[in-house]
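J.: What follows is a protein structure lacking sequence information:
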C-alpha cells in the first residue's frame with residue numbers, strides 16, 4: 001500500500017498539484033492521465049523517490065520493492081541481452097556468475113556451491129532463462145539476439161531490453177512512464193496482457209488510449225492542480241468526469257437561482273418596516289450561500305484548434321507505387337511493393353517495427369532512394385510530410401514563430417501568431433528557443449506547419465507519439481474532416497480504426513493490400529493485427545499483390561468492392577424493412593413498454609452511482625488523515641480497507657450497469673426515429 005499525504009509540487013511559478021491525499025492499494029492497476037505539463041512524470045518520480053516534493057509525504061512499507069524503467073542503456077553495452085535482463089534480480093545474477101567462477105577453480109568449494117544453489121533455487125533460477133526468452137520475444141526481440149551484446153541493437157530496442165529487466169525484477173509496485181513509446185503494435189499488446197495478469201500494483205503513464213483503457217482498473221487524473229483516483233478504466237473515467245461536471249453545474253445553478261430569489265425579496269421589502277427583519281435575515285442567508293458557493297474549477301487541459309485546408313483539389317490518381325524494393329545491406333525491408341492511391345483515400349500502413357514502414361514513406365517523399373521500383377505523384381498533388389524523427393528536423397537556434405514564418409514568408413504576423421495560438425503556443429511561448437520544446441510542443445509545431453502549407457496529401461509517420469490524449473482526439477477529428485488524401489503509419493489502434501479506408505500490411509515476405517476499412521480488414525483476416533492476437537488458419541486472405549499480377553489485382557479489387565457493395569445493400573434493405581416494421585402501431589407500443597422500465601432502472605443506477613461516489617470520497621478522506629494509521633488499530637484498518645475496495649467494486653459495477661442500460665435505451669429510441 002502506498003499512501004500520499006498533503007503532497008504539493010511546483011516548478012517556478014507554476015503549481016502542478018497541491019495538498020494531494022491518495023492511496024494506492026495492492027493488486028490495482030492505475031493509469032495516470034492528464035494534459036502535457038500537468039505533472040504526470042513528475043508525480044511518478046516523486047513516488048519512486050527520484051525527485052522530492054515541495055511539501056507532503058509518500059509512505060511505503062520499508063521492504064517494498066519498487067520497479068522503474070532504467071533509461072541508461074549505455075551501462076550495459078558489452079553485456080549479453082539475457083544477462084542484462086537477469087540483472088533485474090541482482091542476487092540471482094550474482095549467484096550464477098559466482099557459481100561459474102567457483103566451478104572453474106581447480107578445487108571448487110563445495111560449501112560455497114551449496115550456498116549459491118540455495119540462492120538460485122530461491123529465485124527459481126533454472127526457469128529464469130525460459131522466462132527471459134519469453135519476455136524478450138514478447139517485446140519483439142528475436143531469439144538470435146538473446147546471447148549477443150547490447151550494442152548490436154538500436155536505441156529503441158535497447159529500451160525494450162531494459163523494460164524486460166524491469167519486469168523480470170518482479171517488484172511489488174511497477175512504475176512505468178510511457179512504456180509503449182518504443183514498442184510496435186505486437187509488443188504493445190504483449191505488454192497489455194502481461195500487465196493485466198500482473199499480481200502487484202501497477203502505476204503507468206501513457207497517451208495510448210486503447211492501452212490505458214485495457215490495462216487500467218483505476219484512473220489517476222492530474223488536473224485542476226489536484227490529483228484524483230477514479231475506479232474503472234478510461235471509458236468509465238470519462239463518464240464519471242462528465243457526470244461530476246454536470247452535477248457541479250447543476251448545484252451551482254441551483255444555488256445561484258436560490259440567491260436570486262432571496263435577493264429579489266430583499267430588494268422588494270427592505271424598505272418596509274414590517275418586512276425589514278425578514279429582509280435582513282435573507283441577506284445574511286445570501287452571504288452564507290456566497291461563501292459556500294462552489295468556486296469554478298479551471299482545467300489545465302487545453303484542446304488545440306486544428307483544421308487542415310487544401311490548396312486545391314488533386315487529380316483522381318494521387319500516387320502510383322510500382323515494384324518498390326529496398327534493403328539495408330543484407331537485410332531486405334521492402335519487397336516489390338505496388339499500389340495506387342486515389343483521391344480522398346486514407347491508406348494505413350501497418351506491420352511490426354523494422355519491417356520498412358518509415359522507409360516506404362521516406363522513399364515516397366523522396367528522402368530516400370529505392371533499390372528498385374518507382375513512385376509517381378499524380379496531377380496537382382502537393383504532399384506534406386510529418387516525419388517520425390521530426391524533432392531533429394527543427395533547428396535548435398530558432399523559435400516557434402521564426403520556424404513557422406520560414407514556411408510562410410508571405411503570411412501576415414497575425415496569421416502566423418494565430419496559427420501558433422491555435423496549436424497552444426501563446427504569449428512568450430512563440431519566441432522561446434526551439435531547443436527547449438517538449439516532444440508534444442514539437443509535434444504541435446509540425447502540425448502548424450502542415451496547416452500553413454495547405455497540402456492536399458498528408459504523409460504521416462507516427463504523428464501521435466508525443467501528443468496528449470486531448471490533442472490526439474482533436475487531431476484525429478481534423479484528419480477525419482480533411483478533404484484530401486492521407487497515407488499514414490501508426491501503432492495507435494484508435495487512430496487506425498477512425499481513419500483507414502484501405503490497409504497496407506508490410507510483411508517479411510511481401511505485403512497485403514486490402515481495399516476496405518480496418519474493421520473490414522479484421523473481419524476478412526479473422527484476427528486483429530494491431531491487437532497482437534494470434535490468427536487462426538483461414539482459407540481466405542487479403543488481396544496479395546506482386547508485379548506480375550496486374551490483371552489479378554484489378555480482378556480481386558473489383559470482386560472485393562462488389563462484395564462490399566452487396567453487404568452494404570443487404571444491410572440497407574434490412575434497416576428499411578426493420579423501420580417499416582417498427583412503424584407499426586402495435587410494435588411502437590411494445591417498444592414503449594420496454595423503454596419505461598429501462599429508464600426507471602437507469603435513473604436508479606445513476607442515483608446509486610452518486611451515492612457510491614460519496615461513499616468512496618468519505619473513505620478517501622478517512623485514509624488520507626495524517627494520524628489515521630498511527631491511531632487506528634490494524635484490524636480496523638484492514639476492515640475499512642476491505643470495505644473501501646468493496647465500495648469501489650460496487651461503483652465500477654454500477655457504472656457498467658448504468659452504461660449498459662443507457663445503451664439499451666438509446667438503441668430502442670433509435671427505432672422510433
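T.: Cool, the structure landed. A quick note: this is a predicted structure, and the numbers were derived from the prediction, not measured. Numbers count the residues shown, from 1 in each chain.
J.: chain center to the helix or strand hosting residue 229, what's the gap?
T.: Element membership for residue 229 (DSSP states H and E) is strand 226-231. Put simply, strand 226-231 sits 17 Å off its chain's centre (C-alpha atoms, centre = their mean, to the nearest Å).
J.: Note down every partner strand of that strand and its orientation.
T.: Applying DSSP bridges, strand 226-231 is found paired with strand 218-223 (antiparallel).
J.: Show residues contacting the strand it pairs with.
T.: Outside strand 218-223, the residues that touch it by C-beta atoms under 8 Å, 6 or more residues apart in numbering are 16-17, 22, 28-35, 38-40, 43, 203, 212, 227-234, 236-237, 241, 299-301, 648. Using the backbone N, CA and C atoms, a C-beta is placed for each residue, glycine as well.
J.: I'd like the average pLDDT over that strand.
T.: Average pLDDT, strand 218-223: 91.
J.: Go through it and flag the buried ones.
T.: For strand 218-223, the neighbour count (16 or more other C-beta atoms under 10 Å) marks 218-223 as buried.
J.: Distance-wise, check residue 373 relative to residue 155.
T.: Taking C-beta to C-beta, to the nearest Å as the measure, residue 373 falls 29 Å from residue 155.
J.: so who does residue 458 touch?
T.: Per C-beta under 8 Å, 6+ apart, neighbours of residue 458: 308, 383-384, 386, 450, 479, 482, 484-488.
J.: Give the closest residue to the residue most central in space within the chain in space, chain neighbours not counted.
T.: Central residue of the chain (C-alpha atoms, centre = their mean): residue 208, 1.5 Å from the mean position. Counting by C-beta to C-beta, 6 or more residues apart in numbering, residue 208 lies nearest to residue 180, which is 5.1 Å off, once chain neighbours are set aside.
J.: Helix, strand, or coil at the one you found?
T.: coil (DSSP: H, G, I helix; E, B strand; the rest coil).
J.: tally of neighbours for the closest residue in space to residue 435 that isn't next to it in sequence?
T.: Sequence neighbours aside, residue 396 is the residue nearest to residue 435 in space, at 4.2 Å (criterion: C-beta to C-beta, 6+ apart). Applying other C-beta atoms under 10 Å, we find 10 residues neighbouring residue 396.
J.: And the pLDDT at residue 396?
T.: 87.
J.: Could you list the buried residues of the helix or strand harbouring residue 617?
T.: Element membership of residue 617 [criterion: DSSP H and E] is helix 585-623. Neighbour counts using 16+ other C-beta under 10 Å place 595, 598, 601-602, 605-606, 608-609, 612-613, 615-616, 619, 623 of helix 585-623 among the buried residues.
J.: Out of these, which is nearest to residue 492?
T.: Nearest to residue 492 among the buried residues of helix 585-623, counting by C-beta to C-beta, is residue 609 at 30.5 Å.
J.: which residues touch that closest one?
T.: Applying C-beta under 8 Å, 6+ apart, the residues near residue 609 are 243, 651, 654-655, 658.
J.: Run the chain-centre distance for stretch 639-657.
T.: 25 Å.
J.: Buried residues, it. List them.
T.: In stretch 639-657, counting by 16+ other C-beta under 10 Å, buried: 641, 644-645, 647-648, 650-655, 657.
J.: so where do the strands sit in the stretch 501-650 of the chain?
T.: Under the criterion DSSP state E, counting those that start in this stretch, the stretch 501-650 of the chain carries strands at the ranges 502-507, 510-514.
J.: Out of the ones you listed, the one nearest residue 149 is which?
T.: Of the strands of the stretch 501-650 of the chain, nearest to residue 149 by C-beta to C-beta is strand 502-507, at 28.7 Å.
J.: Report all helices and strands that that closest one contacts.
T.: If you count contacts as 3 or more C-beta pairs under 8 Å, 6 or more residues apart in numbering; DSSP states H and E, strand 502-507 packs onto strand 331-342, strand 346-350, strand 510-514.
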